[in-house]
Every structure is written in C-alpha cells, then in structure tokens.
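Trainee: From the sequence below, what's the structure:
(one chain, ligands or ions: 1)
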Amino acid sequence: MENTSLLIKYLNELNIEHDERMIGRFVEFHQLLTEWNSFMNLTAITEWDDVVLKHFADSLSIVKAGDKVTDLSFFDKDKRSGIKVLDVGTGAGFPGIPLKIAFPEFDITLLDSLKKRVGFLDEVINKLELKDINAVHGRAETYAHDPSYRQAFDFVVSRAVANLTVLSELCLPYVKVGGYFVSYKSEKADEEIVSAAKAIELLGGRFIDDIVFELPGSDMRRDLVVIYKEKETPKKYPRKEGTPAKSPLCSV
Ligand code: SAM
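Mentor: Next up, the predicted model:
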C-alpha cells in the first residue's frame, strides 16, 4: 500500500490543491508504471517514494516557473482552462501525465518517437479516465511542420531529451508567439544556456530565466530554463529527422 502522505506533503509544498480523486490517479499511474515496466523499458525508478519525488514532484515543480515569471500565469486556477501544452519526448509521461492529473483543465499533447511508450500512455489515459489529452507517436522534427501543431501551443515542456540547443530546435517551432518553452535541466544548465543562445534567437526565442531550486525534501538540484517565444520560427526549422542532434544549430 502506497504511503500517500508523502505525495500530499509535496503537493502542499508546491501549493497544488488536491483531492482524493487526484491522489487516487497518482497511485493508479504508479501501479500501471510498475506493471508495464516489468515487460517494457519505461523507467529505472519504480519504488513509490522515489517515483513520488523524482517523477511526480519533479514534473510538478514547473509551478515554480509560474511563480517566478509573471507572464507565465498558466497555473493560476482561473487561467488554466483550454491552455494548450505539449510535452516533447514524454517517454513514460513525464512531465505531461502528472501535469494533467494535477491540472485537469490543461489540454495536453504527449509526443514520443517510441511507439511502445505511446501504447503505455494510451492505457494510462484510458484507465485514469483523463480527458483533453492525447498521446502522439512521432518525431518532434516531423510534427512541427504540421499546420495543426506548428506554433499552436501556449507552452511546451521537455525533460531529459537533449541538450538545450537541440531541444530549442525541436520545441520552439511548436510554441505560439507570446507563449513559452520550459526545459527541465540540472547542473549543466548554465553551460547549455550559453551554448544555445544564438540558436534560441534564430528560432524566435528569448531566454527569460533559469529558475534554480532543490526538489522538496532533497538536495537534488533542478533548473527550469524559461524561454519566451518572441517571433515566428523560420519555416525551415526544425530540419529533417536527426539533423538537429547530428549538427546542432550555430555550433562552432
Ligand atoms: N521526458 C521523459 C522523462 O523525463 O522521463 C522521457 C525521457 S527519455 C530519456 C527521452 C524520450 O525522448 C524517449 O522516450 C525518446 O523516445 C524521446 N525522443 C527522443 N528524441 C525524440 C524526437 N526527436 N522526437 C520525439 N521523441 C523523441
């Protein structure tokens, strides 16, 4: 039996309102994660306490960006409805599924290039009876040229997918002008921000802030790199599949 008090403690620390239904969904998500992980590679973290901290609380820590960046007020209760969020390279659903469970008003798209993982996400969506969320199988480079995805999201998030230069090419094309891209990073964020500066500008973005903190009750550092979408992304970006990682933009 999972100790839900730990989860409730983190939700309180992050000022996230919760009820029994929300807690129940987190418990069921953990159960599905461990069940499917026995026959499919989803995560190395499976113990409840670890999942609660390193997957759930970490994913939800993005509310700290909302606290710090005034414009990023998507987390205010009266402003969440209909906000379109994209999670690029979501894997087993991080941060997208915890965001949907905690903020059901968001309209969330989960994107991943691994079909089996998208199958898992469909099962989670179905079993948890989540609405206004869909899991899409495909490469970020490809969907970004689809008119219904290009510059169609209020904010785009991504955790543990690529360095900031590569990630900016994969993510910024999806963000509406006036929207935000928030990347979950850690110790190397400072270096990555410097290396990615020219690419971010070329893609129509502007670096706003690097929000640094420790995850609740731990000494694990988390950086949230916040990028504002100032101008349209030139049509040629992202380049074809694999190119952003093979030859990163503006690399010297
Ligand atoms: N975001 C999750 C997390 O933090 O637990 C998963 C991280 S996992 C290390 C990286 C994921 O990104 C994988 O599931 C992989 O399939 C996906 N991915 C990598 N490159 C991608 C691309 N170009 N388009 C879509 N998904 C991609």
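
Trainee: Could I get the full set of helices for the stretch 1-150 of the chain?
Mentor: Along the stretch 1-150 of the chain, counting by DSSP state H, counting those that start in this stretch, helices occupy 4-13, 20-37, 48-50, 58-60, 63-68, 96-102, 115-127, 140-143.

Trainee: Determine which stretch of these is the most buried.
Mentor: Neighbour counts (mean count of other CB atoms under 10 Å) averaged over each of those peak at helix 96-102, with a mean of 25. For every residue, glycine as well, the C-beta is placed using N, CA and C.

Trainee: Not counting its neighbours along the chain, what's nearest residue 137?
Mentor: Counting by CB to CB, 6 or more residues apart in numbering, residue 118 is the residue found nearest to residue 137 once chain neighbours are left out, at 4.2 Å.

Trainee: Would you confirm that that neighbour contacts residue 124?
Mentor: No - with contacts counted by CB atoms under 8 Å, residue 118 stays clear of residue 124, the gap being 10.6 Å.

Trainee: If residue 205 is in a bridge, with which residues?
Mentor: residue 229 (DSSP bridges).

Trainee: Next up, the contacts around it.
Mentor: Counting by CB atoms under 8 Å, 6 or more residues apart in numbering, residue 205 makes contact with 168, 172, 175, 181, 227-230.

Trainee: Distance to residue 49 and pLDDT added to the residues you listed, as a markdown table?
Mentor: Shown next, in a markdown table, are the contacts of residue 205 (distance: CB to CB, whole Å; pLDDT from 0 to 100):
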| residue | distance to residue 49 | pLDDT |
| --- | --- | --- |
| 168 | 34 | 98 |
| 172 | 36 | 98 |
| 175 | 34 | 97 |
| 181 | 31 | 96 |
| 227 | 32 | 95 |
| 228 | 36 | 94 |
| 229 | 37 | 96 |
| 230 | 41 | 96 |
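
Trainee: Whichever of the residues you listed end up buried, select them in ChimeraX.
Mentor: For the buried members of the contacts of residue 205, the matching ChimeraX selection, counting by 16 or more other CB atoms under 10 Å, is:
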select :168,172,175,181,227,228,229
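
Trainee: Can you tell me which of the contacts of residue 205 is nearest residue 208?
Mentor: residue 228 (5.0 Å; CB to CB).

Trainee: separation between the closest one and the ligand?
Mentor: For residue 228, the distance to the ligand equals 22 Å [CB to the nearest ligand atom, to the nearest Å].

Trainee: swap in residue 146?
Mentor: 13 Å.

Trainee: How about residue 80?
Mentor: For residue 80, the distance to the ligand - CB to the nearest ligand atom - is 22 Å.

Trainee: Report the contact partners of that residue.
Mentor: Residue 80 neighbours (CB under 8 Å, 6+ apart): 74, 103, 105-106.

Trainee: try 10 Å
Mentor: Residues counted as contacts of residue 80 (CB atoms under 10 Å, 6 or more residues apart in numbering) are 73-74, 103-107.

Trainee: now swap in residue 211 and tell me
Mentor: Taking CB under 10 Å, 6+ apart as the criterion, residue 211 is in contact with 61-62, 64-69, 182, 189, 222-226.

Trainee: what about the strands in the stretch 151-252 of the chain?
Mentor: 153-159, 175-185, 205-214, 221-229 (DSSP state E, counting those that start in this stretch).

Trainee: Please identify the deepest-packed of the ones you listed.
Mentor: Mean neighbour count (mean count of other CB under 10 Å) peaks for strand 153-159 among the strands of the stretch 151-252 of the chain, with a mean of 25.

Trainee: That strand pairs with which strands, parallel or anti?
Mentor: Per DSSP bridges, strand 153-159 is paired in its sheet with strand 84-88 (parallel), strand 175-185 (parallel).
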